[in-house]
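Asker: what follows is a protein structure lacking sequence information:
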């Protein structure tokens, strides 16, 4: 990508780059869900049990919720980064990394605040 992109197009390319990184992570999660697993039985357990297929589906659901939240944060963080950095690809990559870190901090903060109440 040429670093001499117009400032109004820099945000678009930065946002698309960030969304591309999130799409790559979503693809990995989707392939993880599609891996054939032996369906185990929960007959041996007295209480509550997850089979391998159910746990893969639960993990996929949690990853999708996390990635959607992270994508929304990355759209916000791409604005100042695209203004500061001349390379939209670098700004989009940094926005994706920053959004993942901020989303993890937000989730931990929510859990800590709920535990304190």
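Answerer: The structure has been received and is ready for your questions. Keep in mind it's a predicted model, so treat the numbers as computed, not measured.
Asker: roughly how far does the spatially most central residue of the chain sit from residue 19?
Answerer: The centre of the chain sits closest to residue 67, judged by CA atoms, centre = their mean, with a distance of 2.7 Å. Between residue 67 and residue 19 the distance is 10 Å, computed by CB to CB, to the nearest Å. Placement of C-beta: from N, CA and C, glycine included.
Asker: and the residue nearest to residue 98 when sequence neighbours are not counted, what helix or strand is that in?
Answerer: Among residues not flanking residue 98 along the chain, residue 77 sits closest, at 4.8 Å (CB to CB, 6 or more residues apart in numbering). Assigned by DSSP states H and E, residue 77 falls within helix 52-84.
Asker: which pLDDT value belongs to the residue nearest to the centre of the chain?
Answerer: What the model reports for residue 67 is a pLDDT of 96.
Asker: quick check: it touching residue 26?
Answerer: Yes: Residue 67 sits in contact with residue 26 when judged by CB atoms under 8 Å, with a separation of 5.5 Å.
Asker: just give me the neighbour total for residue 34.
Answerer: Counted with other CB atoms under 10 Å, residues neighbouring residue 34 total 10.
Asker: my bad, residue 87
Answerer: 19.
Asker: quick one: it and residue 93, what's the gap?
Answerer: Residue 87 sits 9 Å away from residue 93, going by CB to CB.
Asker: residue 101 too?
Answerer: 13 Å.
Asker: what of residue 33?
Answerer: From residue 33 to residue 93 the distance is 26 Å (CB to CB).
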